[in-house]
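J.: output the structure for:
(one chain, ligands or ions: 1)
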Amino acid sequence: MKKIRLGIIGCGNIVRHFHLPEINKNVPEFQVVAMVDTDPSRIRDLRRELLPRKRVTAYTDYRKMLREARPDAVLVSTPHTLHFEQCRDAFEVGAHVLVDKPMVTSPTHARRLVAKARKADCRLMIATQGLYTNTLAYARKLVTDGTLGPLQLVSAVLAQEWLRYMVGSWRVDPKLSGGGQLYDSGCHVLSAMLHLVGSPAREVFCWADNKGTRVDINAVATVRFANGCLAGITSGANCNTMYAGLFVQGQQGLLELDPFGGRITLTLGEEPKPVEGVPRRFPVRTVSPVRNFADAILGRAEPRCDGHLGVLLAELVAAFYASAASGRPAAVSPRAPRGARTVKPKRGHHT
Ligand SMILES: NC(=O)c1ccc[n+]([C@@H]2O[C@H](COP(=O)([O-])OP(=O)(O)OC[C@H]3O[C@@H](n4cnc5c(N)ncnc54)[C@H](O)[C@@H]3O)[C@@H](O)[C@H]2O)c1
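T.: Modelled structure (predicted):
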């Protein structure tokens, strides 16, 4: 079978420790043909370590790579505010795109990217790994098949020692990061919440504390969704332990899960005790973003996290920042992306 020729834009930590080892191990359909990084030593180290004896062309300019290598697909893994132009230009040469989270950091860019992908007839996917797990697929099923009953409330909690490790990096420079913890690790929690609620956010209120930096470190936010669900979010980046959790309350039950995948506990009103884990016979398996990307390009699977979620996320976080800046509630852009679905749970249905 002909290989999918892959170009990698940005050769930093996540490519080195997550995507490329996974491609080597589980995605033989990809042939890495080109790598781009403004720091050539990053490419050199990566090739020596993970692609020895492979023919891979190194570039410092992604536009030159797109022009010369003409990849079938690209993986974009650079600081957040660079994603928009790099993805857009990849679509110009007809390449499918898998972009690391967050897709982009502006609702306008998000909508333009989705339109561009559609016009180019290319895949636009986001590497938010929780969305690729059976945990999130099972949780979503419990919402959409009515097991939880009509959604009432979501509580999202994130705690990380992010600030200590990120001081001095591009992540605390808003020109490159587009924002702080809400867009960085917060993106995982918010994406899982948006995926499960399945309805666009309408209005938010947010307080953010930058802790003397130029980006949000700690934030609390509330959200009102179009389907009536309400949510409260606590996004922390200055805590010397790590936790991420989502509590989803329906009229008939409660779900607690790890938005990165893994832990999940279902408590239904009439059941004697909580049920832990995804049932063994649940048909959806956890896959990596690069595995699903290859399958989606080859028409073997649907993308588990595509550009529509990137639009919903960018609209939500933009409203959080607008509210935090004004001290008032902020409306979320009413222009929900075409194709975004509002999930209507079947009333009173139990599995
Ligand atoms: N899913 C996850 O759990 C997870 C974890 C970490 C990072 N990420 C995401 O992955 C992306 C990269 O993060 P990272 O931690 O690997 O960062 P990093 O700083 O380790 O790597 C970024 C790389 O991009 C390069 N770069 C900067 N400007 C460039 C340009 N104009 N053209 C080409 N290369 C350029 C840098 O030299 C660096 O090597 C971000 O979107 C981040 O949010 C996701």
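
J.: quick one, what contacts Gly7?
T.: 32-36, 65-66, 69, 71, 73-75, 90, 95 (Cβ atoms under 8 Å, 6 or more residues apart in numbering). (C-beta placed from N, C-alpha, C; glycine too.)

J.: and the ligand, which of these contact it?
T.: Residues of the contacts of Gly7 in contact with the ligand (Cβ under 6 Å from any ligand atom): Val36.

J.: and which of the contacts of Gly7 is nearest the ligand?
T.: Nearest to the ligand among those: Val36, at 4.9 Å, using Cβ to the nearest ligand atom.

J.: make a PyMOL selection of the buried ones in the contacts of Gly7.
T.: Listed next is the PyMOL selection for buried residues among those, using 16 or more other Cβ atoms under 10 Å:
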select buried, resi 32+33+34+35+36+65+66+69+71+73+74+75+90+95
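
J.: dump the C-alpha coordinates for the helix or strand hosting Val290 into PDB.
T.: According to DSSP states H and E, Val290 maps onto helix 289-297. Backbone C-alpha positions of helix 289-297 (Å, rounded to 0.1, in the frame of the first residue of the first chain) are rendered in PDB as follows:
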ATOM      1  CA  PRO A 289      -4.700  10.800  17.700                       C
ATOM      2  CA  VAL A 290      -2.100   9.800  15.000                       C
ATOM      3  CA  ARG A 291      -3.700   6.400  14.600                       C
ATOM      4  CA  ASN A 292      -7.200   7.900  14.100                       C
ATOM      5  CA  PHE A 293      -5.700  10.600  11.800                       C
ATOM      6  CA  ALA A 294      -4.400   7.900   9.500                       C
ATOM      7  CA  ASP A 295      -7.700   5.900   9.600                       C
ATOM      8  CA  ALA A 296      -9.700   9.100   8.900                       C
ATOM      9  CA  ILE A 297      -7.500   9.900   5.900                       C
END
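
J.: what does that helix contact?
T.: By Cβ under 8 Å, 6+ apart, the list of residues contacting helix 289-297 reads 4, 19, 22-23, 26-27, 29-30, 72-73, 75, 96, 98, 123, 125-129, 132, 287, 301-305.

J.: look up phi and psi at the residue of the chain at minimum distance from the ligand.
T.: When you check the chain against the ligand by Cβ to the nearest ligand atom, the closest residue turns out to be Gly12, at 1.8 Å. Phi and psi for Gly12, reported as degrees, to the nearest 10, are phi -100, psi -150.

J.: these two touch, right, it and Val76?
T.: No. At 11.5 Å, Gly12 does not count as touching Val76 under the criterion of Cβ atoms under 8 Å.

J.: and these two? Which one has more around it.
T.: Using other Cβ atoms under 10 Å, the more surrounded residue of Gly12 and Val76 is Val76, with 24 against 16.

J.: tell me what that one is bridged to.
T.: Bridge pairing for Val76 (DSSP bridges) gives the partners Ile9, Val99.

J.: stretch 102-111: end-to-end distance?
T.: Stretch 102-111 has its terminal residues 14 Å apart, counting by Cα to Cα, to the nearest Å.

J.: Ser185 is in contact with Arg171, correct?
T.: No. Applying Cβ under 8 Å, one finds Arg171 not in contact with Ser185, separated by 9.9 Å.

J.: ok, now which ones touch the closest residue to Gln152 other than its chain neighbours?
T.: Nearest non-adjacent residue to Gln152, counting by Cβ to Cβ, 6 or more residues apart in numbering: Gln249, 4.7 Å away. Counting by Cβ under 8 Å, 6+ apart, Gln249 touches 148, 151-154, 255.

J.: check which helix or strand covers Gln249.
T.: Element membership of Gln249 [criterion: DSSP H and E] is strand 243-250.

J.: other SSEs contacting the helix or strand following that strand?
T.: Moving toward the C-terminus from strand 243-250, the next helix or strand (DSSP H and E) is strand 253-257. Identification of packing neighbours for strand 253-257 by 3 or more Cβ pairs under 8 Å, 6 or more residues apart in numbering; DSSP states H and E yields helix 134-144, strand 243-250, strand 264-268.
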